[in-house]
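**Q** Following is a predicted model, sequence given first.
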Amino acid sequence: MVGAVSATVRAEAPGVVSARDVGDRQQVVEVFSAAMNRPIPVQVIRAEAAGPRPTVYLLNGSGGGPNGSGWDAQTDAVDFLRAKNINVVTPYGGANSYYTDWIRDDATLGHNKWQTFLNEELPPVIEGFLGANDNRALVGVSMSGTSVLNLAIAKPGFWHGVASYSGCAQTSDPIGHEFVRITVENWGGGQSVDNMWGPADSPLWRANDPLRNADGLRGTDIYLSTGSGLPGPHDTPADPRVQDGRIPLPVQLAFGGPIEAAIRYCTINLTNRLRELNIPVTLDDRPTGTHSWGYWEDDLRTSWPFLARTIGAA
């Protein structure tokens, strides 16, 4: 029954703390992270059919998901994926964190060990809870479009497929560093990017640069998408997100256009590098489109055949 709450248990090691029904085969599950010493809320959708099924992990962007800033509020991803007979896992939290392991606690964001949580703690716990098989794909958008590439590089072979929508793959050159700094500091609440990977000349910036470390994506199926930054079909007063006030159109055009144009530069660079390394990559280079949710909703639908193939969800 929607609204039912399971018994809560105390967890010291990673594990399910509680689960609450919120919709048809849909729950919010709290998973304790030992690395961050706190429970992390995770939205899950169970596969419809009985028996082990594959899982898509859907990461939110720089907003982290709460307060209308994620996939569930901005797109039809829940309804779209619920019909695919797969498990879907979306963590809440991690705003402006790049879903990475920070070297120092931050006065605003606290203790961040998101790579450890996403690569080591969450999958065995949530897949056991869902009765899933070990076929899994990872999807990221904007900020997390960078993160999913780094997560796959950090654990080769673990993620069968990775889809990055409008994610900038280069982080350690001056342009990439500034983009990361703006994401962490200017769009956040006072946190310092130096607490993440250290100063700009730290080797951790190079270690977390998917362009520099592209060879680490060998053996993982890769899907990349980007717009050009030019106004497209979702950059009009007719778009439902504009109509209901979720995204002011002037902001979408003034900021989303230049951001997406810069991200296209990153995406083409990564595509070219992967092809130089003879690593297969699927690229959707859209002729229009700003950095906004309407296009990422489209990206999820367009990339579904790729995702289904990588996880055996046909």
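**A** Okay, I see it. Everything numeric in this text was worked out from a predicted model, so none of it was measured.
**Q** Tell me which stretches of the stretch 101-250 of the chain form helices.
**A** Listed in chain order, the helices of the stretch 101-250 of the chain (DSSP state H, counting those that start in this stretch) span 114-116, 122-130, 143-154, 174-181, 194-197, 203-207, 240-243, 249-276.
**Q** Could I get the buried residue list for the longest one?
**A** Right, helix 249-276. Burial within helix 249-276, assessed by neighbour count using 16 or more other C-beta atoms under 10 Å, is assigned to 249, 252-253, 256-257, 259-264, 266-267, 269-271, 273-274. Where you see a C-beta, it was placed from the backbone N, CA and C, and this is true even at glycine.
**Q** Can you name every helix or strand that the next helix or strand after it contacts?
**A** Past helix 249-276, further along toward the C-terminus, the next helix or strand under DSSP states H and E is strand 281-285. With contacts taken as 3 or more C-beta pairs under 8 Å, 6 or more residues apart in numbering; DSSP states H and E, strand 281-285 sits against strand 221-226, helix 249-276, helix 293-311.
**Q** Strand 281-285 versus strand 221-226: what angle between them?
**A** Angle of strand 281-285 versus strand 221-226, following axes from the mean of the first three to the mean of the last three C-alpha atoms, to 10 degrees, is 10 degrees.
**Q** Serialize the helices of the stretch 101-250 of the chain to TSV and add fields for distance to A137.
**A** Putting the helices of the stretch 101-250 of the chain into TSV (distance: least, C-beta to C-beta, whole Å) gives the following:
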stretch	distance to A137
helix 114-116	17
helix 122-130	12
helix 143-154	9
helix 174-181	24
helix 194-197	26
helix 203-207	24
helix 240-243	26
helix 249-276	17
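**Q** Of all the ones you listed, which one comes closest to A313?
**A** Ranking those by distance to A313, with C-beta to C-beta as the measure, places helix 122-130 first at 14.1 Å.
**Q** Can you mark which positions in the closest one are buried?
**A** L122, P123, V125, I126, E127, F129, L130.
**Q** And those, which is closest to N208?
**A** Relative to N208, and with distances defined as C-beta to C-beta, the nearest of those is L122, at 19.4 Å.
**Q** residues touching the closest one, list them.
**A** Under the criterion of C-beta atoms under 8 Å, 6 or more residues apart in numbering, the neighbours of L122 are P14, V31, S33, I40, V42, V89, P91.
**Q** Quick one: closest of the helices of the stretch 101-250 of the chain to A95.
**A** helix 143-154 (8.9 Å).
**Q** quick one, the closest one and strand 221-226 angle?
**A** Relative orientation of helix 143-154 with respect to strand 221-226: 160 degrees, computed using the same axes, to 10 degrees.
**Q** Take helix 143-154, keep the C-alpha atoms, and write them as CSV.
**A** In CSV, the C-alpha atoms belonging to helix 143-154 read as follows (Å, rounded to 0.1, in the frame of the first residue of the first chain):
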residue,chain,number,x,y,z
MET,A,143,27.5,17.3,-13.5
SER,A,144,26.9,13.6,-13.1
GLY,A,145,27.6,13.2,-16.8
THR,A,146,31.2,13.7,-15.8
SER,A,147,30.8,11.5,-12.7
VAL,A,148,29.5,8.4,-14.5
LEU,A,149,32.6,8.4,-16.7
ASN,A,150,34.9,8.6,-13.7
LEU,A,151,33.0,5.9,-11.8
ALA,A,152,33.4,3.5,-14.7
ILE,A,153,37.1,4.3,-15.0
ALA,A,154,37.6,3.7,-11.3
